[in-house]
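Enquirer: below are the sequence and a predicted model; questions follow.
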Amino acid sequence: MSVDTRNQHTDPAAPGSSSAGGPSVTPSDTISGKLVGSIVATAILSFLGLLLETVVNILFPALMADFGITMSAVSWMTTGYLLVVSVIMPLSGYLQRRFTARSLFVTAAIAVMAGALVAAMAPVYPVLLAGRLLQGIGTGIATPLMFSIIMMQAPRAKVGMLMGVGGLILGIAPALGPTLGGAIGTLAGWRLIFWLNIPLLVIALVVGARSIQQATPTRKEHLAVGQLVLLALGLVGLVLGIERIGAMVSSGTPGAAAMAVAIATPIVGLVCLALFVRAAGRSDHPLIHLNVLRDGTYAWSLVAFAFLQFITLGLGYVLPTYAQMSMGHSSLVAGLAVLPAAVIGAVFAPLGGVILDHVGARVPIMTGAVVALVSAVLLAVLGVRVNLVLLAVMYLVFMLGFGLAFANTQTHGMAHVAQHLTPDATAMMNTCQQFAGALSMTVLSTIVAVRQSGLTSGTAAFQHGTRSGSAGGLAVLAAVAVVGLVAEHMGLKKRD
């Protein structure tokens, strides 16, 4: 039988139950105005992070031309940002126990705003990248804070719906991003998007400062700096290693030093991750309490959640890149082509949450996962053989399935996590989500860059290379979708 969040108030392990760490701020079925304000304010920060991911992706060709950089270099605008977010997010459990939610939110808002100003005025590419990385710090704090507020403060009967609303707010970003990026790239220049961040950030800062409440008392806690360093080195090592291997393959005749770095970097990353797991498991003050993984439902849902993120960000990169660099469409046309799909994904997130609240997790999650798999396979088989309209239709079908499954996978996975472990479970979910996104961008941009290597932009050969790389990327995403469906099934099976 699937988990039904309508009945979780009777489960002693459910978030918000008194035996799991005290009652939540909102014990009744009423959603308070302050809770709504808290969700909206934190969601705006996460929204802007996702918006800029998709805007930047579609502006890659313009940024490459403006700064005279390669595809591998410009992809770090997204990859580097996601890495920073994935390194910051494991700290969220510690931060939420040590500091008040309001102070964390204000810090995050200031970081995102400062990053926007730096990027908007950047004279060279490294400064632009630095501004984007600074924004990653703020997003890394704000995103898990939003989901912790929902899980710890929302009425149990409304958790699925509110998680869906959070997914809707975040889903609007990829819905607007490609089209907005295309319009800005065509009409006004990329700097405008960073200036447009400022008014929204001011609104979020005011609303959040007035609305955010504290669900549990703060306490002094030891920060496991060594574990954080190991985790950061592990995540960065894996992603950078894949990027270095791609650069080595693209160069054709790599030197011995480049080959040694490319081989050693991912190995060092894996070793550091293994050491982190060992240290956290033995520590009295772990950076993340890994015992949340003892629940099979949570563990399998974590895998599925990360894989869905891998596929979604991968498609968000491959399809606009292919439409522009191989099919010859403008950034605006490419953005408009993916807009309907992104809107469908955003709309179906809260709808899926409502379905979960009423009938349990199995129906929306498995329906969404199957639809996502079928469409991912169709994209792999037919994606580079059809026109832009049919490509957009297949992507729309994928996003329909994604909208049903994504937020519900997180809700289902966390449904039986004790309240005192909610920050850790949220941190792990969001860390894996962001790392999966960074890994996806690195893998897919490497595949495309390898096929473009040595070819002159704008030529027929370059278009063919982009087409070949895009086909390879779509095949990888279809394979990941198969594994994701298996993970969804196992996560649901644990509660049958």
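Expert: Nice, thanks for sending it over. Numbering: from 1, shown residues only.
Enquirer: who's in contact with residue 239?
Expert: Residues in contact with residue 239, defined by Cβ atoms under 8 Å, 6 or more residues apart in numbering, are 79, 83, 269, 435, 438, 439, 442. Glycine gets a C-beta too; all of them are placed from N, C-alpha and C.
Enquirer: and if we set it to 10 Å?
Expert: Neighbouring residues of residue 239 by Cβ atoms under 10 Å, 6 or more residues apart in numbering: 76, 79-80, 82-83, 86, 265-266, 269, 435, 438-439, 441-443.
Enquirer: for this protein, which element, helix or strand, carries the lowest mean pLDDT?
Expert: One helix or strand of the chain scores below all others by mean pLDDT, DSSP states H and E: helix 159-187, with a mean of 68.
Enquirer: following that helix, which helix or strand shows up next?
Expert: Helices and strands here follow DSSP states H and E; after helix 159-187, the next one along the chain is helix 191-211.
Enquirer: skipping its backbone neighbours, what lies nearest residue 96 in space?
Expert: Once flanking residues are discounted, residue 96 sits nearest to residue 423: 4.4 Å by Cβ to Cβ, 6 or more residues apart in numbering.
Enquirer: do you know how far that neighbour is from residue 458?
Expert: Residue 423 sits 50 Å away from residue 458, going by Cβ to Cβ, to the nearest Å.
Enquirer: ok, how many other residues are close to residue 270?
Expert: Using other Cβ atoms under 10 Å, residue 270 has 13 other residues around it.
Enquirer: is it true that it touches residue 238?
Expert: Yes - with contacts counted by Cβ atoms under 10 Å, residue 270 reaches residue 238, the gap being 6.9 Å.
Enquirer: ok so, going back, who has more neighbours, residue 423 and residue 458?
Expert: Remark: of residue 423 and residue 458, residue 423 carries more neighbours, 25 against 10, as counted by other Cβ under 10 Å.
Enquirer: any idea which helix or strand comes after the helix or strand where the more buried one lies?
Expert: Here residue 423, judged by DSSP H and E, is contained in helix 422-452. Next helix or strand after helix 422-452 toward the C-terminus (DSSP H and E): helix 460-493.
Enquirer: show me what counts as buried in that following helix.
Expert: Within helix 460-493, the residues scored as buried using 16 or more other Cβ atoms under 10 Å are 462-463, 465-478, 480-481, 484-485, 487-492.
Enquirer: now the angle from it to helix 422-452?
Expert: Here helix 460-493 points in a direction 150 degrees away from that of helix 422-452 (axes from the mean of the first three to the mean of the last three Cα atoms, to 10 degrees).
Enquirer: renumber starting at 48 from here on
Expert: With 48 as the first residue, the last one maps to helix 507-540.
Enquirer: what mean pLDDT does helix 507-540 have?
Expert: Throughout helix 507-540, pLDDT has a mean value of 90.
Enquirer: next one: stretch 333-340
Expert: Mean predicted confidence for stretch 333-340 is 83.
Enquirer: how is this protein divided into domains?
Expert: Residue ranges of the domains in the chain are recorded as 78-262+334-540, 271-333, according to automatic domain parsing.
Enquirer: so of these, which one's packed in deepest?
Expert: Among those, ranked by average contacts under mean count of other Cβ atoms under 10 Å, first place goes to domain 78-262+334-540 (a mean of 22).
Enquirer: I'd say residue 373 and residue 510 touch.
Expert: Yes - proximity of residue 373 to residue 510 meets the contact threshold set by Cβ under 10 Å, at 4.7 Å.
Enquirer: find residues that contact each of the two.
Expert: Jointly contacting residue 373 and residue 510 under the rule Cβ under 10 Å, 6+ apart are residue 499.
Enquirer: separation between residue 530 and residue 537?
Expert: Where residue 537 is concerned, residue 530 sits at a distance of 11 Å (Cβ to Cβ).
Enquirer: again with residue 485
Expert: From residue 485 across to residue 537, the span is 25 Å (Cβ to Cβ).
Enquirer: coming back round to it: how far away from the center of its chain is the helix holding residue 470?
Expert: Using Cα atoms, centre = their mean, to the nearest Å, the mean C-alpha position of helix 469-499 is found 7 Å from that of the whole chain.
Enquirer: stretch 161-171 now?
Expert: Per Cα atoms, centre = their mean, the displacement of stretch 161-171 from the mean C-alpha position of its chain is 23 Å.
Enquirer: contacts for it, please.
Expert: Residues outside stretch 161-171 that contact it (Cβ under 10 Å, 6+ apart): 95-96, 99, 103, 114, 124, 128, 174-186, 237-245, 247-248.
Enquirer: if you set the cut-off to 6 Å instead, what comes out?
Expert: 175, 178, 179, 181, 182, 238, 241, 242, 244 (Cβ atoms under 6 Å, 6 or more residues apart in numbering).
Enquirer: ditto for stretch 478-494
Expert: Taking Cβ under 6 Å, 6+ apart as the rule, stretch 478-494 contacts 122, 125-126, 129-130, 132-133, 136-137, 282, 286, 289-290, 293, 349, 353, 356-357, 360-361, 364-365, 516, 519-520.
Enquirer: put the alpha carbons of it into CSV.
Expert: Extracted as CSV, the C-alpha positions of stretch 478-494 are listed here (Å, rounded to 0.1, in the frame of the first residue of the first chain):
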residue,chain,number,x,y,z
THR,A,478,22.6,18.0,-2.4
CYS,A,479,22.1,15.0,-4.6
GLN,A,480,19.7,16.9,-6.8
GLN,A,481,22.2,19.7,-7.5
PHE,A,482,25.1,17.3,-7.9
ALA,A,483,23.1,15.3,-10.4
GLY,A,484,22.4,18.5,-12.3
ALA,A,485,26.1,19.4,-12.3
LEU,A,486,27.1,15.9,-13.4
SER,A,487,24.4,16.0,-16.1
MET,A,488,25.7,19.3,-17.5
THR,A,489,29.3,18.1,-17.4
VAL,A,490,28.6,14.7,-19.1
LEU,A,491,26.3,16.1,-21.8
SER,A,492,28.4,19.2,-22.6
THR,A,493,31.4,17.0,-22.8
ILE,A,494,29.7,14.6,-25.2
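Enquirer: please, which helix or strand holds residue 279?
Expert: Using DSSP H and E, the element containing residue 279 is helix 272-298.
Enquirer: report the mean confidence score over that helix.
Expert: 80.
Enquirer: tell me how far it lies from the chain's centre.
Expert: 18 Å.
Enquirer: what angle separates the helix or strand that that helix is followed by from helix 272-298?
Expert: Using DSSP H and E, the helix or strand that follows helix 272-298 in sequence is helix 303-329. Counting by the same axes, to 10 degrees, helix 303-329 points 150 degrees away from the direction of helix 272-298.
Enquirer: please name every helix or strand in contact with helix 303-329.
Expert: Judged by 3 or more Cβ pairs under 6 Å, 6 or more residues apart in numbering; DSSP states H and E, helix 303-329 is in contact with helix 272-298.
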